[in-house]
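**Q** Just a sequence and a predicted model for now, questions to come.
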Amino acid sequence: MHLTDHGAASLAHLIATRETSCVEVMTAYLERIERVNPQVNAIIALRDEDALLAGARRADAWDGPRGPLHGLPHAVKDLAQVAGLPWTCGSPLFRDRVAVVDDPFVSRLREAGALIVGKTNVPEFGYGSQTYNDVWGVTRNPHDLTLTAGGSSGGAAAALAARLLPVADGSDYMGSLRNPAAFCNVLGLRPSRGRVPGPGFVAQMGETGPMGRSIADVALLLSVLAGPDPAAPLTRTDPLDVADLHPADLRGARVAWVGDLGGRLATEPGLLDVCRGALDPFTALGAEVEDVVPAFDLDRLWDAFLTWRAWAARYLPPGPLKPEAEWERARAAALTVADIDEAMVVRDAWYAAVGDLFRRYDAVLAPSAQVFPFPADVHWPDTVDGRPMDTYHRWMETVLPWSMAGTPVLGMPAGFDPAGRPAGVQLVGPPGADRRVLEIGLAYEQATGWVERVRPLDDRPTRA
């Protein structure tokens, strides 16, 4: 098996036991990046090869692993700061900006021994589940280079699928860890609200989380990213142990399938059929799966979400932006205190409704997107199954209930349509149940094995 076919957990073991070296791992990844990345454009701002190999040699000189990611190449999503690397957020406004400090989670990556090789591509300021911008260009789907990789963690997902990275960080406000995972046939975990430290006293909906090609890799990166930080006032302080995961015993478990929310969501023909196929492994493992539509005013929830998202857009800088970001900025400028107060009331009520849902069900399953990956030159689907989309992100409404609730959500592969386009499902657990979600995901992974069953591009297992 080639070194780039190994996941992060496997590579970490090989390095720790001296069965391979950090230099060998870095060399293998740099060779693959050179060969494959020009096709997908997932990794941007790649650091100098000599500097990266020098860092790998220093890592080999350590007396034992520095941390759980010791010697593993890593690229950070370009919405985050990495000292000395470009920090453009995909915007021409910041084309020449270079970060001078590390974001806190990047410091944790370094402390865990990761070797940062560059950044992963994003849409401008993360707006839109399609990764393209006027600084770095379009990121393409490794399963079909004519299609989008999704977003906003599209570069991270494509890099994972193409075996350009062993594991990747991402972030998620409206599905940015879940949509690209679905489009690229990998995994993305949106952790419980506050599981990974974030700044400020307002519980906004952006969460940093791990992406990987296996539950073991997702758990490994989560163990590095998660944990209290005195500088983050809303961080969860309950302990999280994701070591030694075991597949969940699903016999007798009750699982709610919310599908298209009773016809509310426009879905591309065939999408629900693929996603419903993900229910079969759950029933085969002994779970009882029921169709459910949450008892809540979903129009009110959508409106509240738009207000929260506009509130988050108030940070956008002056200057010309892509139309989707301009739309959010205009909404932000029109917000009133009454608007924000109403959105907070609705979010509180929805959180209570989700609590009621999880008193009856052990987990929830939902599509990760309402469409299959679409052409890479299309900015967003303006119609879905003949229904016009009234905003640039209405086709992603399937993810917003769980963003609003702050629950842990694992984006998992669900399979492929006859045209070879990937789809995914969200596995949702109650707030704080990150480990339980991963263990249910592990049972599903062992029953399906989608990531290894369908490999992208020319990527087939090869000998070292």
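**A** Here it is on my side, so go on.

**Q** any idea which helix or strand carries the residue nearest the centre of the chain?
**A** Nearest residue to the geometric centre of the chain (Cα atoms, centre = their mean): Leu177, 1.7 Å. Using DSSP states H and E, Leu177 maps to neither a helix nor a strand.

**Q** Could you pull up the contacting residues of it?
**A** With contacts defined as Cβ atoms under 8 Å, 6 or more residues apart in numbering, Leu177 is in contact with 153, 170-171, 188-190, 207, 209, 211, 411. For glycine as for every other residue, the C-beta is placed from the backbone atoms N, C-alpha and C.

**Q** Would you mind giving these as a markdown table with distance to Gly286, pLDDT and neighbour count added?
**A** Listed next are the contacts of Leu177 as a markdown table, based on distance: Cβ to Cβ, whole Å; pLDDT from 0 to 100; neighbours: other Cβ atoms under 10 Å:
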| residue | distance to Gly286 | pLDDT | neighbour count |
| --- | --- | --- | --- |
| Ser153 | 33 | 98 | 37 |
| Gly170 | 32 | 98 | 33 |
| Ser171 | 35 | 98 | 22 |
| Gly188 | 26 | 98 | 33 |
| Leu189 | 24 | 99 | 34 |
| Arg190 | 26 | 98 | 35 |
| Glu207 | 31 | 98 | 24 |
| Gly209 | 29 | 98 | 30 |
| Met211 | 29 | 99 | 31 |
| Gly411 | 23 | 98 | 34 |
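
**Q** Which residue is the nearest non-sequential neighbour of the residue nearest to the centre of the chain?
**A** Computed as Cβ to Cβ, 6 or more residues apart in numbering, the closest residue to Leu177 that is not its neighbour in sequence is Gly188, at 3.6 Å.

**Q** these two touch, right, that neighbour and Ser171?
**A** No - the criterion here is Cβ atoms under 8 Å, and Gly188 misses it with Ser171 at 10.1 Å.

**Q** And the helices in the stretch 301-450 of the chain?
**A** 323-334, 337-360, 400-405, 434-448, 450-453 (DSSP state H, counting those that start in this stretch).

**Q** right, and the ones you listed - which one's nearest Leu160?
**A** helix 450-453 (9.0 Å; Cβ to Cβ).

**Q** Next, count neighbours for Leu321.
**A** 20 (other Cβ atoms under 10 Å).

**Q** cool, and Val122?
**A** By other Cβ under 10 Å, 33 other residues sit near Val122.

**Q** Equivalent analysis for Arg453, please.
**A** The tally of other residues near Arg453 (other Cβ under 10 Å) stands at 11.

**Q** Distance check, it against Leu272.
**A** 21 Å (Cβ to Cβ, to the nearest Å).

**Q** quick one, strands of the stretch 201-350 of the chain?
**A** Using DSSP state E, counting those that start in this stretch, the strands of the stretch 201-350 of the chain run over 207-212, 254-257, 288-291.

**Q** for the second one, which positions count as buried?
**A** Within strand 254-257, the residues that count as buried by 16 or more other Cβ atoms under 10 Å are 255-257.

**Q** contact partners of it?
**A** Counting by Cβ under 8 Å, 6+ apart, 276, 279, 282, 287-292, 357, 360-366 sit against strand 254-257.

**Q** what does the first one give?
**A** If you take Cβ under 8 Å, 6+ apart as the criterion, strand 207-212 is touched by 7-8, 80, 105, 153, 156-157, 160, 166-173, 177, 180-181, 186-191, 193, 195-196, 198, 217-222, 225.

**Q** do the last one as well
**A** Outside strand 288-291, the residues that touch it by Cβ under 8 Å, 6+ apart are 252-259, 279, 282-283, 361, 365.

**Q** likewise stretch 331-344?
**A** By Cβ under 8 Å, 6+ apart, the surrounding residues in contact with stretch 331-344 are 303-311, 313-314, 316.

**Q** Can you tell me which of those residues is closest to Glu439?
**A** Of all these, Phe305 has the smallest distance to Glu439: 29.3 Å, by Cβ to Cβ.

**Q** Switch the strands of the stretch 201-350 of the chain over to a markdown table; also include distance to Arg421.
**A** Shown next, in a markdown table, are those (distance: least, Cβ to Cβ, whole Å):
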| stretch | distance to Arg421 |
| --- | --- |
| strand 207-212 | 19 |
| strand 254-257 | 21 |
| strand 288-291 | 24 |
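
**Q** looking at those strands, which is closest to Asp60?
**A** Of the strands of the stretch 201-350 of the chain, nearest to Asp60 by Cβ to Cβ is strand 207-212, at 24.0 Å.

**Q** tell me the angle of that closest one relative to helix 434-448?
**A** Orientation check (axes from the mean of the first three to the mean of the last three Cα atoms, to 10 degrees): strand 207-212 against helix 434-448 gives 30 degrees.

**Q** shared neighbours of Gly188 and Ser171, anything?
**A** With Cβ under 8 Å, 6+ apart as the test, Gly188 and Ser171 both reach 153, 177, 209.

**Q** you'd agree the first one is up against Val122?
**A** Pointing back at Ser153 there. Yes - between Ser153 and Val122 there is a contact under Cβ under 8 Å: 7.4 Å.

**Q** Mind listing the shared neighbours of the two?
**A** Common neighbours of Ser153 and Val122 (criterion: Cβ under 8 Å, 6+ apart): Lys77.

**Q** Need the contacts of Leu177 in CSV (columns: distance to Val76).
**A** Shown next, in CSV, are the contacts of Leu177 (distance: Cβ to Cβ, whole Å):
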residue, distance to Val76
Ser153, 11
Gly170, 10
Ser171, 10
Gly188, 15
Leu189, 17
Arg190, 18
Glu207, 16
Gly209, 13
Met211, 12
Gly411, 19
